[in-house]
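K.L.:
give me coordinates for this.
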Amino acid sequence: MGTYKVRVTTGNFLLAGTFSSISITLVGTHKESDKKPLDNWGKDFNPGAVEEFKLCCRRWLGDIVLVRLHKEPYSFYPTDNWYCSFVEVISPNGQTYRFPCYQWVEGYRTLELREGKEYVRAHWQEDTFFGYQFLNGVHPVMIRRCTELPCNFPVTPAMVASSLGESSSLQDELEKGNIFLADYKILEGVPANTINGYQQYIAAPLCLLHLQPSGELIPIAIQLSQCPGPDSPIFLPSDAEWDWILAKTWVRYAEFLVHEAVSHLLLTHLIDEAFALATLRQLPMCHPLFKLLLPHTRYTLHTNVMGRTLLLRRGEIIERVPASSGTPEALFPYCLAMKTTLGTSWRAFPASISVGPGVCTIRLCGHNLCFQLIGRHISVLSSFVSGIVRHYYRSDAHVLADCELQAWADEIFHEGFLGNEASGFPSSLQSVPELIKYLTMWIYCCSARHAALSNGQYELGAWMPNFPSSMRNPPPQAKGTSSLESYLDTIPEVNSTSITIYTLWVLCCELGDSRPLGTYPDEHFTEEEPKRLIAAFQGRLAQLSQEIQERNKSLPIPYRYLDPQQIENSTSI
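P.N.:
Numbering: from 1, shown residues only. Below is the predicted model:
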């Protein structure tokens, strides 16, 4: 039992205060406190005020990693907005934790704040954290199980023997399914940008990883090009410290480029735009699928137009920060590679993605929590969509006879994907199961998939060496040439870093009027059966959210990106 002191600072400007009731929940590494009201004598949370409150807890919470601020109605006062600058928590043993906020808390809502000290900054150099991000980071889509080494990645057993231990060999681990590969061939040939008058550089690395008995995934070999040879050495954990750190940073940089241009932009925002436009243009308001899909189009077009205007237009951020520019010439290689990627993703959905393509052996210690949750989300979504579809479409003939539905699918194929059969998207829908799969895929794409790829961008990318947006020197062509000084000369300059961090912060800002997955305030369905299906869907999401929160209490790094409470209905930012 102990007393925690909580200090809350309100912004020092007009109308920054609030008359609402403010409560707090402290989340520690051991326990979570009860929800406690922050209430002293007299008026609290005035502009510029720094107020202290005392919270008595019956048990020790451990290190405080998260606070939840609950803004709720008070008496007869109308809804208002509150600008919270930051929250400080002082534990019974005197340790101080600071939680930056610096944003408006609009209306009535719960806001989660992470501590200002970044975990990433303390652990970014560690091989275990590097491997962890392939599973539960902001881009958990790149690794595949490797049963045979590619011919352009000549790793020998002797190179990795020290990483695998005396009781095993590279061939043994390949046969057991414990070796994984991240291949960034998609970046080969992509033109590099010029930033601040200096040429930038792009590499297409290959990274080999090993699943250890503990369940941790660690890198064991990195090659920084697709062409092996004397000028493209294979870097190993046993190499000099800065050689190995720089090699891993090149992989993290490749992650940034593929994540932002392919997985995030192309495979969520732009695909979702094609579906949203077809929904608004081809399905009448009375159509059951319009009612089902409309909440999942919210803000998608607005967000994409803003992105084109502020991020992708010539002269804007896309040409001033990342080493790969956003010009059509730069995106062309990505688009060519996406022909295969789209087709594979669509045809394999949801079987492969539900467990992570080729990652199903990573089961220990919760290290593949992201993939497990993706499978859970797809299952919950598929059940809900199946109920809605089968209520309105009793047979395949009903699907084929729905001319509005067929026009919707045809527009997506011909206007969204330009009639490209390699995309894997059909030009018409032939059966009830195919329709269920199609709708489930899109709702998953614009909700859970976008959250997995977007919600952690600032958290994992604010410490720039962990997620650099450009590199100012070419990849090293020999070992023993790297040092702290050469490393600092290679990673982005301060101004580029500032713009990148600001952009990631904007992309991760919580909407003031957010609508978590399954939240449907507008009642488009009036029949009892769809209402029952929606209620059941919401109940399953609430249960999943509770399970995630309970599981996070025992994890050294809580994974929240796929908590249904953190997932928007749509690609809205």
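K.L.:
okay, CA-based contacts and neighbour counts for the rest of this
P.N.:
Fine.
K.L.:
residues contacting Q538?
P.N.:
518-519 (C-alpha atoms under 8 Å, 6 or more residues apart in numbering).
K.L.:
show me how the chain divides into domains.
P.N.:
2-116, 121-252, 257-466+493-566 (automatic domain parsing).
K.L.:
of these, which is nearest S482?
P.N.:
domain 121-252 (5.3 Å; C-alpha to C-alpha).
K.L.:
what about that closest one, start to end distance?
P.N.:
Using C-alpha to C-alpha, to the nearest Å, one end of domain 121-252 lies 14 Å from the other.
K.L.:
could you tell me how far it lies from the centre of the chain?
P.N.:
21 Å (C-alpha atoms, centre = their mean, to the nearest Å).
K.L.:
cool, stretch 262-274 as well?
P.N.:
The chain centre lies 13 Å from the centre of stretch 262-274; the measure is C-alpha atoms, centre = their mean.
K.L.:
which residues touch it?
P.N.:
139, 297, 300-301, 304, 334, 338, 412, 415-416, 442, 445-446, 449-450, 453-454, 571.
K.L.:
would you mind checking those for buried ones?
P.N.:
Neighbour counting by 16 or more other C-alpha atoms under 10 Å classes 139, 297, 300-301, 304, 334, 338, 412, 416, 442, 445-446, 449-450, 453-454, 571 among these as buried.
K.L.:
could you point out which residue ranges in the stretch 51-200 of the chain have low pLDDT?
P.N.:
For the stretch 51-200 of the chain, the stretches flagged by pLDDT under 70 are 116-117.
K.L.:
now do the strands in it.
P.N.:
64-72, 81-90, 96-106, 109-114, 143-145, 179-183, 194-195, 198-199 (DSSP state E, counting those that start in this stretch).
K.L.:
not counting sequence-adjacent ones, nearest residue to the spatially most central residue of the chain?
P.N.:
Taking C-alpha atoms, centre = their mean, the centroid of the chain lies closest to L453, which sits 2.5 Å from it. Nearest residue to L453, sequence neighbours excluded (C-alpha to C-alpha, 6 or more residues apart in numbering): V138, at 5.1 Å.
K.L.:
ok, and the closest non-adjacent residue to G419?
P.N.:
Here the residue nearest G419, using C-alpha to C-alpha, 6+ apart, is F413, at 5.5 Å.
K.L.:
gap between that neighbour and N93?
P.N.:
62 Å.
K.L.:
who's more crowded, those two?
P.N.:
Using other C-alpha atoms under 10 Å as the criterion, F413 and N93 rank with F413 on top: 23 against 9.
K.L.:
got the CA coordinates for stretch 445-457 in CSV?
P.N.:
Coordinates of each C-alpha in stretch 445-457 appear next as CSV, following Å, rounded to 0.1, in the frame of the first residue of the first chain:
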residue,chain,number,x,y,z
CYS,A,445,-7.4,-3.5,-44.3
CYS,A,446,-8.9,-0.1,-43.4
SER,A,447,-9.2,-0.8,-39.6
ALA,A,448,-6.9,-3.4,-38.0
ARG,A,449,-4.2,-3.5,-40.7
HIS,A,450,-4.0,0.2,-40.8
ALA,A,451,-3.7,0.4,-37.0
ALA,A,452,-1.0,-2.2,-36.9
LEU,A,453,1.0,-0.2,-39.5
SER,A,454,0.2,3.3,-38.2
ASN,A,455,-0.4,3.5,-34.5
GLY,A,456,3.3,2.9,-33.5
GLN,A,457,5.0,5.1,-35.9
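K.L.:
what average pLDDT does it get?
P.N.:
Averaged over stretch 445-457, pLDDT sits at 94.
K.L.:
for it, which outside residues touch it?
P.N.:
Counting by C-alpha under 8 Å, 6+ apart, 137-140, 259, 263-264, 267-269, 272, 296, 370, 374, 377, 504-505, 507-508, 517, 561-562, 566-571 sit against stretch 445-457.
K.L.:
what number of residues are in the vicinity of the nearest residue to S232 once chain neighbours are set aside?
P.N.:
Spatial nearest neighbour of S232, excluding adjacent residues (C-alpha to C-alpha, 6+ apart): Q477 at 5.4 Å. By other C-alpha under 10 Å, the residues close to Q477 number 15.
K.L.:
R532 now?
P.N.:
By other C-alpha under 10 Å, the residues close to R532 number 12.
K.L.:
likewise for R394?
P.N.:
For R394, using other C-alpha under 10 Å, the count is 11.
K.L.:
helix, strand or coil for it?
P.N.:
When classified by DSSP: H, G, I helix; E, B strand; the rest coil, R394 comes out as coil.
K.L.:
same question for E529.
P.N.:
helix.
K.L.:
quick one, strands of the stretch 201-350 of the chain?
P.N.:
206-211, 217-223, 234-235.
K.L.:
what lies in contact with the second one?
P.N.:
The set of residues that contact strand 217-223 without belonging to it, under C-alpha under 8 Å, 6+ apart, is 127-128, 130-132, 153, 155, 160, 163, 205-212, 232-237, 247-248.
K.L.:
show me which of these are buried.
P.N.:
By 16+ other C-alpha under 10 Å, these give 127, 130-132, 153, 155, 160, 163, 205-212, 232-237, 247-248 as buried.
K.L.:
and F384, what element?
P.N.:
helix 369-392 (DSSP states H and E).
K.L.:
off-centre distance for that helix?
P.N.:
19 Å.
K.L.:
could you count how many residues lie near the closest residue to A278 other than its chain neighbours?
P.N.:
Excluding its sequence neighbours, the residue lying closest to A278 (C-alpha to C-alpha, 6+ apart) is W408, at 5.6 Å. Look at W408: counted by other C-alpha under 10 Å, it has 21 neighbours.
K.L.:
just L293 next, same as before
P.N.:
20.
K.L.:
ok, back up a step: helix or strand for the residue nearest to A278, just tell me which one.
P.N.:
W408 belongs to helix 403-411, assigned by DSSP H and E.
K.L.:
mind giving me the packing neighbours of that helix?
P.N.:
Here helix 403-411 touches helix 271-282, going by 3 or more C-alpha pairs under 8 Å, 6 or more residues apart in numbering; DSSP states H and E.
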